[in-house]
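[1] just a sequence and a predicted model for now, questions to come.
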Amino acid sequence: MLKCPTCGKTVEWKDNPSRPFCSERCKLIDFSRWANEEYLVPGQKIDSVEIGEQPHNGEANGETDEKS
């Protein structure tokens with residue numbers, strides 16, 4: 001038996017469609033926390049402006065979308 005990561009209630013693993021959560025409600029609460037960036041994965045912070053400046057569609061290696 002495990003504990004639900006959201007509420008701490010004991011969870012039956014076998015035949016539980018919401019596992020590792022105890023219910024769909026706890027599953028959605030956890031998803032909402034990720035979506036609202038309450039949980040973060042450790043790593044280097046990236047400036048959103050830098051992301052916009054990155055080359056796209058093969059531009060990094062000199063290719064373009066235009067056909068000759």
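    Arrived safely, thanks for sending. Note that the coordinates shown come from a computational prediction; the quantities given were computed from them, not determined experimentally.

[2] C-alpha only now, for contacts and for neighbours.
    Will do.

[3] list the buried residues in stretch 16-23.
    Ser18, Arg19, Pro20, Phe21, Cys22, Ser23 (16 or more other Cα atoms under 10 Å).

[4] can you check stretch 5-16 too?
    So, applying 16+ other Cα under 10 Å, buried residues of stretch 5-16: Pro5, Thr6, Val11, Glu12.

[5] pull the most distant pair out of those.
    Thr6 and Glu12 (14.5 Å; Cα to Cα).

[6] can you give me the strands for this structure?
    Secondary structure of the chain, counting by DSSP state E: strands at 2-3, 10-11.

[7] now tell me what touches the last one from outside.
    Strand 10-11 is contacted from outside by Met1, Leu2, Lys3, Cys4, Arg19, Pro20, Phe21, Cys22, using Cα atoms under 8 Å, 6 or more residues apart in numbering.

[8] dump the residues you listed into TSV; add pLDDT as well.
    Below are the contacts of strand 10-11 laid out as TSV (pLDDT from 0 to 100):
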residue	pLDDT
Met1	77
Leu2	87
Lys3	93
Cys4	93
Arg19	90
Pro20	93
Phe21	94
Cys22	93
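
[9] give the rounded mean pLDDT of the longest helix along the chain.
    Scanning the chain for the longest helix, with DSSP state H as the assignment, gives helix 24-35. When pLDDT is averaged over helix 24-35, the result is 93.

[10] excluding its backbone neighbours, what's nearest Phe40?
    Not Phe; residue 40 is Leu. Trp34 (7.5 Å; Cα to Cα, 6 or more residues apart in numbering).
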